[in-house]
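*Asks:* coordinates only, sequence not included:
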């Protein structure tokens, strides 16, 4: 049995989709939308037709209480337009927050770095020179917060131990395997890089953790996945060691002020090693 994949989407089609999405947000936000950008692999290269997301960045003039619900609503409406639109991921913040190396919406540090480095202007005024570059520590801690919120959730940890369903969904499979590799790359280099960059660095280490699993994820990303049975076995053997390596790589870089994050990583490590 083959693992299920998303319908392939070439970068030109993905660019048309992100342009259309930007124009619909402009209709909703009107003159409060300062600029809209394509981000991620659509902007800096390496878009993978089999699995890549369509990343859209919105810069607002100010922050209002109902912005979160408005942007969530429009995003849901766009994602309902078809399977290709389901790849859409929207990042947003006000320009004053971005100038101050922060976000008051949903624009994590690594995506702010991507905006400043590679953001592709779709409409509005180019404000990239005004966006503060995130510090190396902010890149590290924002990645940890995301991991603890999304990847350390109890249902995800359970799935890591019984990964047959994960192996049957190529989009989720590639993210589960390659996200920690990307996070480790950014933490080590203070740069966003590409998935190819992160994987190359990971595999160049002596005795890289989960090397076979990472290579399988790259084959899947390139539209050539192994069978679900093969992926399930690789996940059973190598996924948890990969996440333990991520946790162990992050902990020494945290400061005493990051105690809550350190405790979260430590608890996550315990749950990965000791199932309830």
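*Replies:* Great, that's in hand. Please read these numbers as outputs of a predicted model, since none were measured by experiment.
*Asks:* how about the strands in this structure?
*Replies:* 33-39, 54-60, 88-94, 120-124 (DSSP state E).
*Asks:* List the contacts of residue 161.
*Replies:* Residues near residue 161 by Cβ atoms under 8 Å, 6 or more residues apart in numbering: 240, 275. To be clear about C-beta, it is placed using only N, CA and C from the backbone, and glycine gets the same treatment.
*Asks:* and it, how far is that from residue 236?
*Replies:* According to Cβ to Cβ, to the nearest Å, residue 161 and residue 236 sit 8 Å apart.
*Asks:* what sits in contact with each of the two?
*Replies:* With Cβ under 8 Å, 6+ apart, residue 161 and residue 236 have no common neighbours.
*Asks:* so where is this protein shaky, pLDDT-wise?
*Replies:* Applying pLDDT under 70 to the chain flags residues 1-6, 276.
*Asks:* Can you give the domain ranges for it?
*Replies:* Here the domain assignment for the chain is 11-130, 136-273, based on automatic domain parsing.
*Asks:* how far is the biggest helix by length in the chain from where the chain is centred?
*Replies:* Scanning the chain for the helix with the most residues, using DSSP state H, yields helix 228-250. On the basis of Cα atoms, centre = their mean, to the nearest Å, helix 228-250 sits 18 Å off its chain's mean C-alpha point.
*Asks:* how about the strands of the chain in JSON lines, adding distance to residue 72?
*Replies:* Converted to JSON lines, the strands of the chain look like this (distance: least, Cβ to Cβ, whole Å):
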{"stretch": "strand 33-39", "distance to residue 72": "16"}
{"stretch": "strand 54-60", "distance to residue 72": "12"}
{"stretch": "strand 88-94", "distance to residue 72": "9"}
{"stretch": "strand 120-124", "distance to residue 72": "20"}
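*Asks:* So which of those is the most surrounded?
*Replies:* The highest mean neighbour count among these, using mean count of other Cβ atoms under 10 Å, belongs to strand 54-60: a mean of 26.
*Asks:* just checking, what packs against it?
*Replies:* Counting contacts by 3 or more Cβ pairs under 8 Å, 6 or more residues apart in numbering; DSSP states H and E, strand 54-60 is packed against helix 11-29, strand 33-39, helix 41-44, strand 88-94, helix 95-99, helix 109-118.
*Asks:* That strand: partners in the sheet, and parallel or antiparallel?
*Replies:* strand 33-39 (antiparallel), strand 88-94 (parallel) (DSSP bridges).
*Asks:* what's next to the last one, contact-wise?
*Replies:* Right, the one you point to is strand 88-94. Taking Cβ under 8 Å, 6+ apart as the rule, strand 88-94 contacts 17-18, 21, 25, 39-40, 53-63, 67, 71, 75, 78-79, 102-108, 111-112, 115.
*Asks:* next one: it to chain centre, how far?
*Replies:* Distance of strand 88-94 from the chain centroid (Cα atoms, centre = their mean) equals 12 Å.
*Asks:* for the first one, same thing?
*Replies:* Going by Cα atoms, centre = their mean, the spacing between the C-alpha centre of strand 33-39 and its chain's C-alpha centre is 18 Å.
*Asks:* What are the contacting residues of it?
*Replies:* Under the criterion Cβ under 8 Å, 6+ apart, residues 15, 18, 22, 25-26, 43, 55-61, 91, 95, 111, 114-115, 118-128 lie in contact with strand 33-39.
*Asks:* Nothing else from me, thank you.
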